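A.B. asks: Sharing a model that was predicted from the sequence below.
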Amino acid sequence: MIAETTSQKAQAYYEQAEALYVSLYGPNFHHGYWPSPDDGTTYEQALENLTDQIINRVGAGARDRVLDVGCGIGGPAIRLARTTGAQVVGISNVATQIEQATASASAENMAEQVSFEQADALGLPFPDESFDAAIAIESLIHMDRDPALREVARVLRPGGVFTAADFCLNAPVTPARQQVLDRYRDLDTLSSFHLFDDFPPMLRRAGLEPLELLDASSHVEKSVKMWWERTEADLENLTNQYGEQELSDFIGLFDDVITHGGPEYLFFTARKPTSPRPPQNRP
Ligand SMILES: C[S@@+](CC[C@H](N)C(=O)[O-])C[C@H]1O[C@@H](n2cnc3c(N)ncnc32)[C@H](O)[C@@H]1O
């Protein structure tokens, strides 16, 4: 029997969970970002805020061609194109996401600036140095980071910038939290969790120079409570679609994350150096 790749596992997961994702997140399949935990930011605004955190860091402009790695149903790519004027190409390994993202770009009159295609991030169907910038919002969470980052570095032009939102570990892992992490990884088909401090060497191994790493956990942690509330509000519909057991697995995970903590959350920005240097030999 041939083992399922991480991409195939994530693909099957997203095909199955799409309605839940749309119910929890709308067009932005990611956490929300609150400037401070108790400000009046609504959940919808917090979801857009998180995309804006990425857009502001990647710094793309109207002449740039930007890749969105693991684009979901296209909310962030369309917002990036609209707010910066850049040409954006989004890729996801899930066909229905690409259909939905393409339909949204047309409906929002953005089809000339944004396109979407089905592809595996671990084997991007683009030539070397064909993008000025790249983003990845919570998609690396499903991938082996080393090969995924190497692919991003390959398609970036020298000097090109990459910004991502990713999970990490940056606080002590108690046995209770370890159980939550294991459950989270299994339920959401996540790849391994890496220490915050592992990211700079990981980026350098891929041939990228780290510019900024920020632990944004305190800004996003309210998201889990929002998922819980949204699931409760749409319980009957979601139970009909998923069955009681599947849905209670998700709600149980949300409860556990609220009680014991889940992974930490980081933004990182890195640049492909303009003159190549040996990537491996620096700490
Ligand atoms: C949590 S969602 C984030 C979607 C989008 N970035 C957003 O913020 O709305 C993760 C995305 O990564 C995609 N993904 C996971 N593994 C992938 C792979 N190997 N190749 C391409 N896309 C992948 C999923 O299909 C999904 O679109």
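C.D. replies: Nice, thanks for sending it over.
A.B. asks: which sections of the stretch 51-200 of the chain are below the confidence cut-off?
C.D. replies: Scanning the stretch 51-200 of the chain for pLDDT under 70 picks out no residues.
A.B. asks: For it, which segments are assigned as helices?
C.D. replies: 75-84, 95-107, 145-155, 175-187, 199-205 (DSSP state H, counting those that start in this stretch).
A.B. asks: looking at the ones you listed, which is buried most?
C.D. replies: helix 75-84 (a mean of 24; mean count of other C-beta atoms under 10 Å). Every C-beta, even on glycine, is put in place using the N, C-alpha and C of the backbone.
A.B. asks: what does that one rub up against?
C.D. replies: With contact meaning C-beta atoms under 8 Å, 6 or more residues apart in numbering, helix 75-84 is reached by 26-30, 47-48, 51-52, 54-55, 58, 60-62, 64, 66, 68, 71, 86-90, 101, 104-105, 108, 110, 113-114, 116, 135, 137.
A.B. asks: Return only those of those residues found close to the ligand.
C.D. replies: Restricting these to those within reach of the ligand (C-beta under 6 Å from any ligand atom) leaves N28, F29, H30, C71, I137.
A.B. asks: if I pick the closest residue to the ligand within the stretch 151-283 of the chain, what's in contact with it?
C.D. replies: Residue nearest to the ligand within the stretch 151-283 of the chain (C-beta to the nearest ligand atom): A165, separated by 7.7 Å. Residues in contact with A165 (C-beta under 8 Å, 6+ apart) are H30, H31, L50, Q53, I54, A136, I137, E138, A216, Y265, L266, F267.
A.B. asks: The ligand contacts on the chain?
C.D. replies: So far as C-beta under 6 Å from any ligand atom goes, the chain lies against the ligand at 7, 10, 14, 28-30, 70-72, 75-76, 91-94, 97, 120-122, 137-139, 142-143.
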